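Asks: Please find the sequence and the predicted model below.
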Amino acid sequence: ENARINGWTFIDIENIDVGTYVEDAKKVVEENLNLPPGYSINWSGQYEYMQRAKAKLTYIVPFTLAIITILLFMCFKRFAETAIIMGTLPLGLVGGVWLLYLYDFNFSIAVGVGFIALAGLAVETAVIMLVYLNQSWNELIKKVDQGSAELNRETIIQSVRDGATLRVRPVIMTASSDFAGLLPVFYSTGTGAEVMSRLAAPLVGGIITAIALTLLVVPTVYMLWKLATLSRQQ
């Protein structure tokens, strides 16, 4: 209160998020209330906490993405694989966005944290897929060097297919166990359920698109990359 005399007005809201309500209320107050000299209005409570957390997220999210990018580059030692994962990562988040829309969840700090966790999960499964794709590619190159195979469009497609099919079962098992573990959190009731359900919502919806990202998009982009490399060499 800055050592000033103060009064409090408590507000309960329904069917609207705190941020939207306060922004609308600020406009109404500014248009209809003239404060005498020495008076001021501050919006506190959950809105104040939300503003502090949002300010932290503005640098935490880019910092997290930067760390993921650095770790990917350290893992693969090449920019191409890092670009494949980071470039296709938004698809892994689409499912979380759709689930928030279907359940009419507003964006909150819990939702933001859920998306950060979802990004980590999507990257993790994509890394596993890329590791096996690289192993299959190295086996093809070894056969080409030995003269037992040719490097052409058909062998590249077959190499990508062989590497991708080896990861179908582990990816499905991992995603299924995560999905089953998060459903009770998403549908929980009682104290704290409102926060936990919004934390789990991006993960529950995003796991589905993360599977599509890992099993379909990443191998396809990897194959296009190798085919483009082959065409340049020819």
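Replies: Okay, I see it.
Asks: Give me the residue at the spatial middle of the chain.
Replies: Closest residue to the average C-alpha location of the chain: Ala119 at 3.2 Å, with C-alpha atoms, centre = their mean.
Asks: what separates stretch 48-61 from the chain centre, distance-wise?
Replies: 17 Å (C-alpha atoms, centre = their mean, to the nearest Å).
Asks: let me fix that: stretch 152-160
Replies: Relative to its chain's centre, stretch 152-160 lies at 31 Å (C-alpha atoms, centre = their mean).
Asks: tell me the mean pLDDT over it?
Replies: Stretch 152-160 carries an average pLDDT of 89.
Asks: How about stretch 105-112?
Replies: The average pLDDT for stretch 105-112 rounds to 82.
Asks: Buried residues, that stretch. List them.
Replies: For stretch 105-112, the neighbour count (16 or more other C-beta atoms under 10 Å) marks Phe105, Ser108, Ile109, Ala110, Val111, Gly112 as buried. Every C-beta, even on glycine, is put in place using the N, C-alpha and C of the backbone.
Asks: Quick check: the residue lying closest to Leu72 once chain neighbours are set aside vs Asn152, distance?
Replies: Excluding the flanking residues, the one nearest Leu72 by C-beta to C-beta, 6 or more residues apart in numbering is Thr82, at 4.3 Å. The spacing between Thr82 and Asn152, counted by C-beta to C-beta, to the nearest Å, is 27 Å.
Asks: Compare the two (neighbour count), which wins?
Replies: Taking other C-beta atoms under 10 Å, Thr82 and Asn152 do not tie; Thr82 has more neighbours (20 against 12).
Asks: Might you report the residue contacts of the more buried one?
Replies: Remark: with contacts taken as C-beta atoms under 8 Å, 6 or more residues apart in numbering, Thr82 is in contact with Thr69, Leu72, Phe73, Phe76.
Asks: Equivalent analysis for Leu215, please.
Replies: Shown in contact with Leu215 (C-beta under 8 Å, 6+ apart): Met129, Ala164, Arg167, Val168, Val171.
Asks: Buried by neighbour count, from these: which ones?
Replies: Met129, Ala164, Arg167, Val171.
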